[in-house]
Structure formats: C-alpha cells, structure tokens
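Asks: heads up, no residue letters with this:
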C-alpha cells in the first residue's frame, strides 16, 4: 500500500496530493503548512477554502488571481460594503467560482471578521488560540493517518459560525488549518515536513471568547 509519498524528478519526496502539476507542487513547497499570522491573509485563505467545498483545491488555486481581483484583494473592509449590485457582478465573473451562496457568505464573513478585529486582538489571535499559538505536529507517516477533521477543527468551526462566518464546517476548517500551518500534516518522509516543523507559530495568546 502506498504511503502517500511521491518521488519527483528533482530527487525529493513530496506528499501525494499535488501530483506533478508545477503550480500545485510550488504551492506545496512554498505555502502549504507554513504558519500564517497575517489577519487579512488568514481571512483570504479561509474564504478560498470555503469556495473549494465540493471542488479540488487546484481548481481554486488556478483562479486565485481572479478571486483576488474580484474580491478587492480580499480586503474585508471593502468586501463588507458589497451589496446586491456587487453580488450580481460577481455572479457574471468567469474568473471565479460563481456560487451565490458562497459569494454572499464571503460578504457576511467579512463583516464577522471586522467585528473580531474591533474587539481585538485580531483575527490571527482568535484563530491561533485554538492551538495555543503553536503548530500541531502529529507526524503522519502515511496518508491514511491524516484525518479530514479533528476536535480542534470542530471547535474552531463552531466558534467561526457563532461569529457569523459561512462555509466553515469542520472539514473545511481542518483543510484551512493544514494550509495555514496550524497543523503540520506534511508526511514525515516529505521534503517539507522538517522545514515546516521548524517554523514557529505566534506563541500562546490567551484570547478571550
């Protein structure tokens, strides 16, 4: 049975999921699993993971520039002001996934983000507090050892929904946590496992909820 590792032409072993697609491999090597601590970037990644629901991540990745253009570079302050006219324009935009429910959820999520920011100390602190500010290191050796959700992703999903975010179920949130380095799910034999394991999170934050 395959462990989930692929040996590439450059002699490096990588997780199975990017295959050999150059764009996907670059994402795997430079972004996935790297601890993200920027508020706006975390909002963007959470929204894009919501748009991924029912689709493959490479589908979203190939349209990421289109999403950024359509959604004001994912500036929540701008998105929060979107109204019916902007929604209809987005529904005609072939550069994104034209799903009305997800578009409207993005606007509601921007407003929820701003509410968290106003309370302080910010969206990154709100999210990272679920892992005490430190990336989880489960050390999966095979793809079978990587779950699709966890107790932490269920707790984060519940908290996000309570704040008003949409398309943030436990499975979406777990994928988000993997992407932003809150959990290092690179397989142990992957060339990126060790480098990501050496990267710190923001530390314990103690954010009240």
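Replies: Looks like it arrived, so ask away. Worth saying up front: this structure is predicted, and the values here are computed from it rather than measured. Residues are numbered from 1 along each chain as shown.
Asks: please identify which helix or strand holds the closest residue to residue 48 other than its chain neighbours.
Replies: Residue nearest to residue 48 in three dimensions, not counting chain neighbours: residue 60, with 5.4 Å by C-beta to C-beta, 6 or more residues apart in numbering. Glycine gets a C-beta too; all of them are placed from N, C-alpha and C. Using DSSP states H and E, residue 60 sits within helix 57-61.
Asks: tell me what the following helix or strand past that helix is packed against?
Replies: Note on helix 57-61: by DSSP H and E, the next helix or strand toward the C-terminus is helix 64-70. Applying 3 or more C-beta pairs under 8 Å, 6 or more residues apart in numbering; DSSP states H and E, one finds that helix 64-70 contacts helix 39-52.
Asks: and the longest helix for this protein?
Replies: In the chain, assigned by DSSP state H, the helix with the most residues is helix 100-119.
Asks: circling back to that earlier point, from residue 27, how far out is the residue nearest to residue 48?
Replies: To residue 27, residue 60 is 10 Å away according to C-beta to C-beta, to the nearest Å.
Asks: repeat for residue 20
Replies: The gap separating residue 20 from residue 27 is 13 Å, by C-beta to C-beta.
Asks: those two: who's more crowded?
Replies: Between residue 20 and residue 27, counted using other C-beta atoms under 10 Å, residue 27 has the larger neighbour count: 17 against 10.
Asks: what's the residue nearest to the more buried one when sequence neighbours are not counted in contact with, if anything?
Replies: In space, and not counting its chain neighbours, residue 27 is closest to residue 61: 5.9 Å by C-beta to C-beta, 6+ apart. Contacts for residue 61 (C-beta atoms under 8 Å, 6 or more residues apart in numbering) come out as 23, 24, 27.
Asks: in a helix, the second one, correct?
Replies: If I follow you right, that is residue 24. Yes - per DSSP: H, G, I helix; E, B strand; the rest coil, residue 24 lies within a helix segment.
Asks: state the number of residues packed around the residue nearest to it when sequence neighbours are not counted.
Replies: The shortest distance from residue 24 to any non-neighbouring residue, by C-beta to C-beta, 6+ apart, is to residue 18 (3.6 Å). For residue 18, the neighbour count with other C-beta under 10 Å is 21.
Asks: what do you get for residue 83?
Replies: Neighbour tally, residue 83, other C-beta under 10 Å: 8.
Asks: how close does it sit to residue 74?
Replies: For residue 83, the distance to residue 74 (C-beta to C-beta) stands at 18 Å.
Asks: also residue 89?
Replies: As judged by C-beta to C-beta, residue 89 and residue 74 stand 16 Å apart.
Asks: who has more neighbours out of those two?
Replies: residue 74 (20 against 12).
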